[in-house]
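Q: Here's a sequence, model it:
(chains A and B)
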Amino acid sequence: MISIQHEDFDLNHEYLQLRDCNDGDGAIVTFSGLVRDYNADGSVSGLFLEHYPGMTEKSLMDICVQARAKWPLGQIRIIHRIGQLNANEQIVFVGVTSAHRAAAFSAAEFIMDYLKTQAPIWKQEHSAKGPKWVEAKDSDVTAANKW
Amino acid sequence: MIKIQFFASLRERLGQAKMNVEYNGELTVEALKQQLLTRGEDWQALSGNNVLCALNQSICKPDTIINDGDEIAFFPPVTGG
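A: Sure, this is the predicted structure:
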């Protein structure tokens, strides 16, 4: 299931959902991303996240299809928050279940790497210097290309 | 009629999020972009070679043909996650 939302999410709730819905899988891997309070230029007070409604959901669904083609997965849960977020808040959640841990670890990493380069979401950082759109990083492209 | 949308830094530089354009031709996405570039200096923001384009909410290539009723979007490289 995919959610694009303003609201925060509860890790324990998401974990229990994955656990309750899973069909005998032996592994649950979860990743949660937080808003960093610094960047290369100094301290960051928060972020504004903009996205392309419709295409974001479509691209994340496509990433799930690709992940399922690579590994035998049970449940996939993706949450991405949008709007105004403060430093240290939760921003993204990926949870994956599989029969064994290797597939679950790999799939969670794959989904995050692809999400960062494919999903139409943009961050604007806020600092003492004012708002600044974050530029895409070559290292993210490299990470996605390794799959 | 086609709907064109702009996002993030591109939306800010162009001063608009979306526009509807009368359409009855057979333009490629690249040809549409070239037409938009003739609208003035602000529109040069579209000319960067890192500007991405989506047709009906899927990333597309410059030579993709646009049909009437399509939704086109231009945006900078994505930075979510």
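Q: which non-adjacent residue is nearest the residue most central in space within chain A?
A: Residue closest to the mean C-alpha point of chain A, counted by Cα atoms, centre = their mean, is A:Val92 at 4.1 Å. Leaving aside its chain neighbours, A:Val92 sits nearest to A:Gly33 (4.1 Å; criterion: Cβ to Cβ, 6 or more residues apart in numbering or on different chains). (Glycine included, C-beta is placed from N, CA and C.)
Q: list the contacts for that neighbour?
A: A:90-93, A:112, B:81 (Cβ atoms under 8 Å, 6 or more residues apart in numbering or on different chains).
Q: Also B:Trp43?
A: B:Trp43 touches B:14, B:36-37, counting by Cβ under 8 Å, 6+ apart.
Q: Might you name the residue of chain A sitting closest to chain B?
A: In chain A, the residue that lies nearest chain B is A:Ile121 (2.7 Å; Cβ to the nearest Cβ).
Q: From the structure, what's the count of residues near the residue of chain B at minimum distance from chain A?
A: For chain B and chain A, the shortest gap (Cβ to the nearest Cβ) falls at B:Gly80, measuring 2.7 Å. The number of residues packed near B:Gly80 is 26, by other Cβ atoms under 10 Å in any protein chain shown.
Q: Distance of it relative to A:Cys64?
A: 16 Å (Cβ to Cβ, to the nearest Å).
Q: Mind jotting down where the helices sit in chain B?
A: Taking DSSP state H as the criterion, chain B carries its helices at B:8-14, B:29-37.
Q: which strands and helices sit next to the longest one?
A: Of the remaining helices and strands, those touching helix B:29-37 by 3 or more Cβ pairs under 8 Å, 6 or more residues apart in numbering or on different chains; DSSP states H and E are strand B:52-55, strand B:71-75.
Q: can you rerun that using 10 Å?
A: Under the contact definition 3 or more Cβ pairs under 10 Å, 6 or more residues apart in numbering or on different chains; DSSP states H and E, helix B:29-37 sits against strand B:2-6, strand B:18-21, strand B:52-55, strand B:71-75.
Q: Can you add distance to chain A, mean neighbour count and mean pLDDT and give those back as CSV?
A: Shown next, in CSV, are the helices and strands packed on helix B:29-37 (distance: least, Cβ to the nearest Cβ, whole Å; neighbours: other Cβ atoms under 10 Å in any protein chain shown; pLDDT from 0 to 100):
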stretch, distance to chain A, mean neighbour count, mean pLDDT
strand B:2-6, 7, 20, 98
strand B:18-21, 11, 12, 96
strand B:52-55, 6, 19, 96
strand B:71-75, 6, 21, 97
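Q: Adding distance to A:Ile28 as columns, could you present these in a markdown table?
A: What follows is the helices and strands packed on helix B:29-37, written out as a markdown table (distance: least, Cβ to Cβ, whole Å):
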| stretch | distance to A:Ile28 |
| --- | --- |
| strand B:2-6 | 37 |
| strand B:18-21 | 41 |
| strand B:52-55 | 33 |
| strand B:71-75 | 34 |
